[in-house]
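Enquirer: only the shape, not the letters, is given here:
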């Protein structure tokens with residue numbers, strides 16, 4: 001096998017995000033449900049026999065050493081593989097949106113190169129490599145919608161009913177570290193249980209990061225207010241600036257404020273690379 005093209009890397013939404021505590025090492029304890037959606041980046045992989053790793057940005061420029069290259073390098077080092085790869089990245093999922101775009105790219109890179117280089121590493125090994133790249137990477141490698149606990153490393157698959165969502169991302173982004181380091185962040189939400197979530201899947205809980213995020217990025221509040229004019233109850237996803245709402249009815253969003261990136265999406269039952 002010399003190449004694999006059109007490898008999907010789907011985004012996720014946090015249906016809720018509760019901060020339940022903080023460990024002595026500073027890491028926050030969380031509860032959330034991560035849901036895969038059909039807003040995807042596309043990646044292309046070609047073997048390099050010189051062992052080098054290179055990347056081609058097919059939509060907009062990425063950081064010089066992004067998670068795609070870091071994932072490829074980590075897999076090389078963990079496996080001892082002497083092959084390299086040229087990777088084309090067609091981004092669609094916005095950065096700093098709270099949608100896991102970079103982590104998903106890293107997970108799809110690990111899965112694709114595991115095939116391309118014929119390494120045959122088990123998914124558990126890939127997840128161990130992925131965790132060193134970011135707390136969300138093992139979720140995307142797991143391939144299923146999941147209840148998340150701990151610092152993000154404890155995952156329990158959950159079944160979610162099919163639904164449509166409107167997602168809106170203002171031009172401004174948010175740095176995760178900025179939100180979690182804010183002294184105003186509430187860190188003592190009571191622990192929830194899966195059965196409580198199951199009784200109200202798309203209306204359960206809240207995002208503890210949202211009040212703090214809105215002080216750093218007022219565009220989040222403006223976007224939520226605009227969606228409210230459409231009859232939608234929106235909330236923030238993750239630690240980024242994107243917000244989302246379930247669509248119970250058709251919505252005309254063509255009058256979106258200038259600069260707002262708006263997209264209608266559906267959820268996925270499983271990751272497009274589930275069989276890998």
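Expert: In hand now; what should we look at? What you are looking at is a predicted structure, and each value in this text was computed from that prediction instead of being measured. Numbers count the residues shown, from 1 in each chain.
Enquirer: which SS state does residue 179 fall under?
Expert: Under DSSP: H, G, I helix; E, B strand; the rest coil, the three-state class of residue 179 is helix.
Enquirer: again but with residue 195, I slipped
Expert: helix.
Enquirer: what do you get for residue 134?
Expert: Criterion first, three-state DSSP; result for residue 134: coil.
Enquirer: could you measure from it over to residue 73?
Expert: According to Cβ to Cβ, to the nearest Å, residue 134 and residue 73 sit 14 Å apart. Where you see a C-beta, it was placed from the backbone N, CA and C, and this is true even at glycine.
Enquirer: same deal with residue 198?
Expert: 40 Å.
Enquirer: hang on, the earlier thing: between residue 134 and residue 73, which has more neighbouring residues?
Expert: Set residue 134 next to residue 73 and count neighbours by other Cβ atoms under 10 Å: residue 134 wins out with 20 against 14.
Enquirer: and the pLDDT for the residue nearest to that one when sequence neighbours are not counted?
Expert: Leaving out its chain neighbours, the residue that sits closest to residue 134 by Cβ to Cβ, 6 or more residues apart in numbering is residue 103, at 4.8 Å. pLDDT recorded at residue 103 is 96.
Enquirer: chain center to the helix or strand containing residue 103, what's the gap?
Expert: Using DSSP states H and E, residue 103 falls within helix 101-116. Its chain's average C-alpha position is 13 Å from that of helix 101-116, according to Cα atoms, centre = their mean, to the nearest Å.
Enquirer: one more: stretch 35-46?
Expert: On Cα atoms, centre = their mean, the centre of stretch 35-46 falls 11 Å from the chain's centre.
Enquirer: please apply the same query to stretch 7-27.
Expert: Worked out by Cα atoms, centre = their mean, stretch 7-27 lies 9 Å from the chain centre.
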